[in-house]
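Engineer: Next input, structure requested:
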Amino acid sequence: MNFKALEQTALAMVAGQRGILAADESNATIEKRFKGPGIPCTEENRRGYRELLFSTPKMEQHISGVIMYDETLRQSTKAGVPFPKYLADKGVVPGIKVDKGPKDLVNFDGETITEGLDGLRERLAEYHGLGARFAKWRAVITIGKSSGGWQLPTTFGIDVNAQALARYAALCQEAGIVPIVEPEVMMDGDNSLERCEEVTDAVLESVFDALGQHRIHLEGIVLKPNMVISGLKCPTQASVEQVAAATVRCLKRHVPSAVPGIAFLSGGQSSELATAHLSAMNALGPLPWHLTFSYGRALQDGAIKGWKGELANVKKAQDWFAHRALMNSKACSGAYRTEMEKQLAA
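Structural biologist: Predicted coordinates for the structure are as follows:
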């Protein structure tokens, strides 16, 4: 196992005020995103949209890596350059989503287990050959109550997902691929900030315990956690400062300094709020790890709506994407201010 190569890739993914574009939507998910603007979900439209993002002028100044879906990893630019090579030539690390999604956890109503470990060793070898140098696996942890009335998540629900993340991480490192470890505590409930912090504490403790059991080389991973935030349905929403303080406090308790970087998911937050939270966390530094972003919708939402599947709108969509990438780059140093949105948009 080439630990040095893993370390170099992991650091390249999180250093230098750059972050990761999550363009790994499945065909079913991207169809939902396309539905609003009325874009037909054809293979060519999916390919063309990803090329629109990847070819945005100077995107490599703010984007360090791109997570792709299996179909996207195998696609090419209109000129015939495979996407992994096209990105690598720009200094952007190509990545791949490898999990098969969350499925109901039998006998644990309301909880899920992410599947996809069967055959993963062989798939990772193929993905490495196609140019992928990092991978992503998402575990889903729900806060709430089961239909039977017990509190979620259960300890078992947390631990079984942590073990799956660790097994995936071990297989990735064996294949020379940096694992993004993504334990997502969902933020769409009515829970308080305090409850989110309590659950995130338990999840990160379990995840790093499992990573240790599996002898994962921590210097060769990237953590992709949720922020500690009020549930979206909670009547009392925590302030940006409260979210930043609670998230950093939680990370300091559980994430070893050996981990080179933490790339947050946006989890349904608005584009601007996800950026503000990241900036406020970095303003609390210095911190033992690089804090950056690995956003999907928060980097793409306006681009899809602006593009509408029309060639004439490509520049408009790229401008929106470039602006959001720049705003999040500013947030990586704690320098983002909301007034930049209007100034730079103008």
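Engineer: can we go C-alpha only for contacts and neighbour counts from here?
Structural biologist: OK.
Engineer: SS state for the one residue sitting closest to the centre of the chain?
Structural biologist: Nearest to the mean C-alpha position of the chain, by C-alpha atoms, centre = their mean, lies Ser294 at 3.9 Å. Assigned by DSSP: H, G, I helix; E, B strand; the rest coil, the conformation of Ser294 is strand.
Engineer: hey, what's it bridged with?
Structural biologist: Beta bridges link Ser294 to Ile20 when assigned by DSSP bridges.
Engineer: So for it, what pLDDT did the model give?
Structural biologist: Looking at Ser294, its pLDDT is 98.
Engineer: Would you map the strands across the chain?
Structural biologist: For the chain, applying DSSP state E gives strands covering 19-23, 63-68, 93-97, 102-104, 112-114, 134-141, 144-145, 151-152, 178-185, 222-223, 261-264, 290-295.
Engineer: Correct me if wrong: Met1 contacts Ile177.
Structural biologist: No: taking contacts as C-alpha atoms under 8 Å, Met1 lies outside contact range of Ile177: 10.2 Å.
Engineer: which of the two has more neighbours?
Structural biologist: More neighbours surround Ile177 than the other of Met1 and Ile177, with 28 against 9 (other C-alpha atoms under 10 Å).
Engineer: on that earlier part again, possible to save the strands of the chain as CSV with distance to Glu339?
Structural biologist: Formatted as CSV, those follow (distance: least, C-alpha to C-alpha, whole Å):
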stretch, distance to Glu339
strand 19-23, 22
strand 63-68, 22
strand 93-97, 31
strand 102-104, 39
strand 112-114, 40
strand 134-141, 34
strand 144-145, 36
strand 151-152, 39
strand 178-185, 30
strand 222-223, 30
strand 261-264, 23
strand 290-295, 20
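Engineer: To Ile216, which of these lies closest?
Structural biologist: Nearest to Ile216 among those is strand 178-185 (9.9 Å), distances taken as C-alpha to C-alpha.
Engineer: strand partners of the closest one, parallel vs antiparallel please.
Structural biologist: strand 134-141 (parallel), strand 222-223 (parallel).
Engineer: if I pick the nearest residue to Lys58 once chain neighbours are set aside, what's in contact with it?
Structural biologist: Once flanking residues are discounted, Lys58 sits nearest to Ala322: 8.0 Å by C-alpha to C-alpha, 6 or more residues apart in numbering. Listed by C-alpha atoms under 8 Å, 6 or more residues apart in numbering, the contact partners of Ala322 are Thr56, Pro57, Lys58, Met59.
Engineer: hey, least reliable of the strands of the chain by pLDDT?
Structural biologist: Looking at the strands of the chain, the weakest mean confidence is strand 144-145, a mean of 91.
Engineer: can you give me the helices in the stretch 151-300 of the chain?
Structural biologist: Assigned by DSSP state H, counting those that start in this stretch, the stretch 151-300 of the chain shows helices spanning 155-174, 193-213, 240-254, 271-282, 297-307.
Engineer: and the ones you listed as TSV, adding mean neighbour count, distance to Phe34 and mean pLDDT?
Structural biologist: Shown next, in TSV, are the helices of the stretch 151-300 of the chain (neighbours: other C-alpha atoms under 10 Å; distance: least, C-alpha to C-alpha, whole Å; pLDDT from 0 to 100):
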stretch	mean neighbour count	distance to Phe34	mean pLDDT
helix 155-174	22	30	98
helix 193-213	19	31	98
helix 240-254	18	31	98
helix 271-282	23	18	97
helix 297-307	22	7	94
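Engineer: Can I get these in TSV including distance to Ala10?
Structural biologist: Listed next are these as TSV, based on distance: least, C-alpha to C-alpha, whole Å:
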stretch	distance to Ala10
helix 155-174	11
helix 193-213	16
helix 240-254	18
helix 271-282	19
helix 297-307	21
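Engineer: right, and the ones you listed - which one's nearest Met186?
Structural biologist: So among those, helix 193-213 is nearest, using C-alpha to C-alpha, at 8.8 Å.
Engineer: got a list of contacts for the closest one?
Structural biologist: With C-alpha under 8 Å, 6+ apart as the criterion, helix 193-213 contacts 143, 153, 158-159, 162-163, 165-166, 169, 183, 185, 187, 228-231, 237-238, 243, 246-247, 250, 253-255.
Engineer: sorry, back to before: closest one to Val92 among the helices of the stretch 151-300 of the chain?
Structural biologist: Nearest to Val92, of these and by C-alpha to C-alpha, is helix 297-307 at 16.1 Å.
Engineer: how far out from the middle of the chain is that closest one?
Structural biologist: 16 Å (C-alpha atoms, centre = their mean, to the nearest Å).
Engineer: what's the distance between Lys103 and Met68?
Structural biologist: According to C-alpha to C-alpha, to the nearest Å, Lys103 and Met68 sit 21 Å apart.
Engineer: Settle it for me: which of these two has more neighbours?
Structural biologist: The residue with more neighbours, out of Lys103 and Met68, is Met68; 26 against 12, by other C-alpha under 10 Å.
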